[in-house]
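# got a structure for you, letters missing:
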């Protein structure tokens, strides 16, 4: 069973049909929408500020979602996929976004809708990742427009993770 803990009397809140893997951790001031999933070894830690997550968002294995004490909350939109071992910290991620494996998004950054942060990219503090583009590198830079097969990645990945969650016989969280 996932580790779900209150912090300073504030408990996480979950929408309908959320899947939390057995060793996922969700603590503190976290509000999660419907059809979300938090996968194995992922941590969503709302202990020092709030974390708000929209509907149909998946936080994949080993990812860490956190914030900065009294300075930077984390807001994640709908239909967002945060891939394995990514770190999303004190920033805003709008709707229909893919954060790639091992990517880092730092405080006060904004990832606009329909953007892709490539695997291993580092989005520095206060950076705006323009919607409709792929950003890669360290620090992350705009490399090309989201087009062709990439246009379907947002819905396809989000929908796949809703489906994968149904494979686990854990009931509703």
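Received it, and whenever you're ready, just let me know what you need. The structure displayed is predicted, hence computed values, not measured ones.
# Please enumerate the helices of this protein.
153-166 (DSSP state H).
# Now do residue 163 against residue 7, distance only.
32 Å (C-beta to C-beta, to the nearest Å). C-betas here are computed from N, CA, C, even on glycine.
# Same check on residue 99?
Residue 99 sits at a distance of 24 Å from residue 7 (criterion: C-beta to C-beta).
# Of those two, give the one with the bigger neighbour count.
residue 99 (29 against 15; other C-beta atoms under 10 Å).
# Pull the contacting residues for the more buried one.
Applying C-beta atoms under 8 Å, 6 or more residues apart in numbering to residue 99 gives the contacts 80, 81, 82, 83, 86, 88, 93, 105, 111, 117.
# same check, this time on residue 32
Applying C-beta under 8 Å, 6+ apart, we find residue 32 in contact with 12, 13, 14, 15, 18, 26, 38, 44, 53, 57.
# Export these as CSV, with columns for distance to residue 68.
Compiled in CSV, the contacts of residue 32 are given as follows (distance: C-beta to C-beta, whole Å):
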residue, distance to residue 68
12, 19
13, 21
14, 24
15, 25
18, 25
26, 18
38, 21
44, 15
53, 17
57, 21
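# TSV please, covering those residues and showing pLDDT and distance to residue 145.
Supplementary listing: the contacts of residue 32 in TSV, determined by pLDDT from 0 to 100; distance: C-beta to C-beta, whole Å:
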residue	pLDDT	distance to residue 145
12	98	37
13	98	37
14	98	36
15	98	33
18	97	33
26	98	35
38	98	31
44	98	31
53	98	27
57	98	24
